[in-house]
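# Okay, here's the prediction I keep looking at, along with the sequence it came from:
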Amino acid sequence: MIKAALTSFALAGLLAVPSSAQVVTTPNRSAPITKGVTTGDLSVQVDQARQAAADLLVQVNRLETQLSNVNGRVEALEFELGRTRDANSDLMTDNETLARDADALRQLVERQSRAIAGMQVILGIEPEPEAETYSSLGDAAGPQSFGLTQPQSNGRGVDSSAPAQINSGSALPEGSLGTLPASALPGEAGPLFAEAKGRLIRLDYAGAEEAFRAFIDQFGKDKQAGEAYFWLGEALHQQQAYADSGAAYTTMIRSYPDDVRAPDALVRLARAMRLLGETSKACTALDTLPKRYPDATKVVRDLAAVERTRSGCKT
């Protein structure tokens, strides 16, 4: 019994030793297995990280490309903006230059217009206004071989029977627009006539009337008196004083028939009569032109033709 028990015990011990050794060695075997699995996971993770880095690099490169394109567009826009600013600056400069040029041109046109108007006054070819009909001139404008029955004076001081009796005191009141006090006018014939003519050219018709009246009053015997009557008539015409204008022209024609301006005065007398509604008398006056002044200039003849058309004269 004891032997059997010992034997069993020995067998149990022998069996226990290998079992114990197996338990000891098992951890030594499992370590490589565990290590191999960990390395594989890390390799996968590394590959994934590398792929992610590659993808990120691609995205970075794409963003750099996009950023480069944006920078290029920004530079282009800045360039266009600079050009636009330069263009605007040039445009503003051009506008300022144009404005200055326009002002200068406007002033030039005004000066030229005034010069043209002055020349038209001198030549008697200014556009005619529509006139009212007056009857105050009467037979004073009727040229019956210029043996006219004329009034001794009228409202503006024109005495058509005698050139030396024009009353300058009946002109516009002293100090009114376009006039100067008598003391401001030159006291000699030449300067006074030049002052009167200058006012007429400057389209100061009231001032010209005043100065020509003063000249006729003071220097009625001067060789330029006939011309003074002529320009007095034009200054009155420009103020639409057609009856007085016609009287001045009539005085000039009667008193200075040989004056070089007498044919022109006859045409302007016809103009005054037409504007007064006396077209038949205007035509009669124009009919006498070639007989009385056969050597009239072409300019005067052309003006007479225009007046004949405007007055409705028979050809």
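Cool, the structure landed.
# just for the chain, where's the confidence low?
Counting by pLDDT under 70, the chain has low-confidence residues at 1-38, 98, 101-187.
# ranges for the helices of it?
2-123, 189-201, 205-218, 225-238, 242-255, 262-275, 279-292, 298-311 (DSSP state H).
# Let me know the angle separating the third one from helix 225-238.
Translated: helix 205-218. 150 degrees (axes from the mean of the first three to the mean of the last three Cα atoms, to 10 degrees).
# Repeat that for the last one.
Orientation check (the same axes, to 10 degrees): helix 298-311 against helix 225-238 gives 30 degrees.
# Just the C-alphas of helix 298-311, formatted as PDB.
The C-alpha trace of helix 298-311 is given here as PDB (Å, rounded to 0.1, in the frame of the first residue of the first chain):
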ATOM      1  CA  LYS A 298     -21.000 146.700-105.800                       C
ATOM      2  CA  VAL A 299     -21.500 146.400-102.100                       C
ATOM      3  CA  VAL A 300     -24.000 149.200-102.200                       C
ATOM      4  CA  ARG A 301     -25.700 147.800-105.200                       C
ATOM      5  CA  ASP A 302     -26.000 144.400-103.500                       C
ATOM      6  CA  LEU A 303     -27.400 145.900-100.400                       C
ATOM      7  CA  ALA A 304     -29.900 147.800-102.600                       C
ATOM      8  CA  ALA A 305     -30.900 144.500-104.200                       C
ATOM      9  CA  VAL A 306     -31.500 142.900-100.800                       C
ATOM     10  CA  GLU A 307     -33.600 145.900 -99.700                       C
ATOM     11  CA  ARG A 308     -35.700 145.700-102.900                       C
ATOM     12  CA  THR A 309     -36.400 142.000-102.100                       C
ATOM     13  CA  ARG A 310     -37.300 142.800 -98.500                       C
ATOM     14  CA  SER A 311     -39.500 145.700 -99.500                       C
END
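# So for that helix, what gets flagged as buried?
Neighbour-count burial for helix 298-311, counted by 16 or more other Cβ atoms under 10 Å, picks out 300, 303-304, 307-308, 311. Glycine gets a C-beta too; all of them are placed from N, C-alpha and C.
# ok, now how distant is Arg85 from Glu96?
As judged by Cβ to Cβ, to the nearest Å, Arg85 and Glu96 stand 16 Å apart.
# Correction: the previous question concerned Thr284.
The gap separating Thr284 from Glu96 is 61 Å, by Cβ to Cβ.
# Between those two, which is the more surrounded one?
Thr284 (18 against 10; other Cβ atoms under 10 Å).
# so how far is Ala243 from the more buried one?
Counting by Cβ to Cβ, the gap from Thr284 to Ala243 is 17 Å.
# do the same with Gln59
According to Cβ to Cβ, Gln59 and Ala243 sit 103 Å apart.
# and Gly198, how many residues sit next to it?
Quick note: Gly198 (other Cβ under 10 Å) scores 13 neighbours.
# typed the wrong thing, it's Ala53
By the measure other Cβ under 10 Å, the count of residues near Ala53 is 10.
# in terms of contact, does Glu307 touch Ala282 like I think?
Yes - judged on Cβ atoms under 8 Å, Glu307 makes contact with Ala282 at a distance of 6.8 Å.
# which residues are in contact with both of these two?
Both Glu307 and Ala282 are contacted by 270-271, 274, 313, under the criterion Cβ atoms under 8 Å, 6 or more residues apart in numbering.
# ok, now how distant is Glu278 from Val300?
In terms of Cβ to Cβ, Glu278 sits 21 Å off from Val300.
# hmm, which two among the shared contacts of Glu307 and Ala282 are most spread apart?
Arg271 and Cys313 (12.4 Å; Cβ to Cβ).
# Which one's more surrounded, the two?
Neighbour count, other Cβ under 10 Å: between Arg271 and Cys313, Arg271 has more, with 28 against 20.
# Against Met92, how distant is that one?
Computed as Cβ to Cβ, the Arg271 to Met92 distance reads 52 Å.
# same check, this time on Val58
Look at Val58 and Met92: by Cβ to Cβ, they are 50 Å apart.
# same thing with Gln239?
47 Å.
# And for Arg213?
55 Å.
# Kindly report the same for Cys283.
According to Cβ to Cβ, Cys283 and Met92 sit 62 Å apart.
# How about Ala214?
Separation of Ala214 from Met92 (Cβ to Cβ) stands at 54 Å.
# go on, Thr284?
Distance from Thr284 to Met92, by Cβ to Cβ: 66 Å.
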